[in-house]
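I'd like to go over a predicted model; first the sequence, then the structure.
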Amino acid sequence: MEGAHGIGGESLKAWLGLGSNVGDRLANLRSGCDALEREGVHITARSHVYETEPQAGAVGQQDYLNACITVEAELNARELLDTAKRIELELGRDPTAPRHSERPLDVDVLIVEDQRIDTPDYRVPHSEIEMRRFVLEPLLELDPPDRNSLVAALTQLQRQRVTRGGPL
């Protein structure tokens, strides 16, 4: 269910995760940020970029570059998701590809401040946030809400290869 700020295009603050494992991965992340800005989604903070292995079951794929950003926008949470998905398509994501396929850009809405959404096609906080070290490490650089539970989740994860790079 959406919170009080989720209706009517009101201002929101959110944390997004970005990933790329096709082509010039860093350029893809930056293009995604540029596209968000063009859509009126103001980026207020950026994490470092992390290089990570693909998800289990994603055989033969190049490693991902992942980062997180904090944004503010005059959108509601659904409009933010729609904007993110439209940008993925514009930058070459195949909407018919199987889950965990290679992609030039993936944009996930991880957290929307003061909101919980639980619908069949949209969950905020993101349903897998606490199971993904490649999301938690860059996200924790950005001082998200409920930081203590995210830190606890990070300490529970198995060791995964994650290499921190420079800033996004």
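Received the coordinates, thanks. In this text the structure is predicted, and so the values were computed from the model without any measurement.

strands of the chain, start to end?
Secondary structure of the chain (DSSP state E): strands at 12-20, 41-46, 48-52, 64-73, 106-112, 117-119, 122-124, 162-167.

for Arg86, which of the ones you listed is the nearest?
Closest to Arg86 of the strands of the chain, according to C-beta to C-beta: strand 106-112, at 9.6 Å. To be clear about C-beta, it is placed using only N, CA and C from the backbone, and glycine gets the same treatment.

what sits up against that closest one?
Identification of contacts with strand 106-112 by C-beta atoms under 8 Å, 6 or more residues apart in numbering yields 3, 5-6, 12-20, 32, 36, 68, 77, 80-81, 84-85, 87-88, 93, 122, 124-126, 129, 135, 139, 144-146.

what subset of those residues is buried?
5-6, 12-20, 32, 36, 68, 77, 80-81, 84, 87-88, 93, 124-126, 129, 135, 139, 144 (16 or more other C-beta atoms under 10 Å).

buried stuff in stretch 52-72?
Using 16+ other C-beta under 10 Å as the test for burial, stretch 52-72 gives Thr52, Pro54, Ala58, Gln61, Tyr64, Leu65, Asn66, Ala67, Cys68, Ile69, Thr70, Val71.

and the closest residue to the first one other than its chain neighbours, how far from Thr96?
Nearest residue to Thr52, sequence neighbours excluded (C-beta to C-beta, 6 or more residues apart in numbering): Phe134, at 4.0 Å. According to C-beta to C-beta, to the nearest Å, Phe134 and Thr96 sit 24 Å apart.

so between the two, which is more surrounded?
Neighbour tally, Phe134 and Thr96, criterion other C-beta atoms under 10 Å: the higher count belongs to Phe134, 24 against 5.

list the buried residues of stretch 108-117.
In stretch 108-117, counting by 16+ other C-beta under 10 Å, buried: Asp108, Val109, Leu110, Ile111, Val112, Gln115, Ile117.

what does stretch 22-37 give?
Val22, Arg25, Leu26, Asn28, Leu29, Arg30, Ser31, Gly32, Cys33, Ala35, Leu36.

same question for stretch 143-155.
Pro144, Leu150, Ala153, Leu154.

the last one contacts Pro138, correct?
No. The pair Leu154 and Pro138 does not pass the contact test of C-beta atoms under 8 Å, sitting 11.2 Å apart.

any regions of the protein where pLDDT drops low?
1-9, 56-59, 158-163 (pLDDT under 70).
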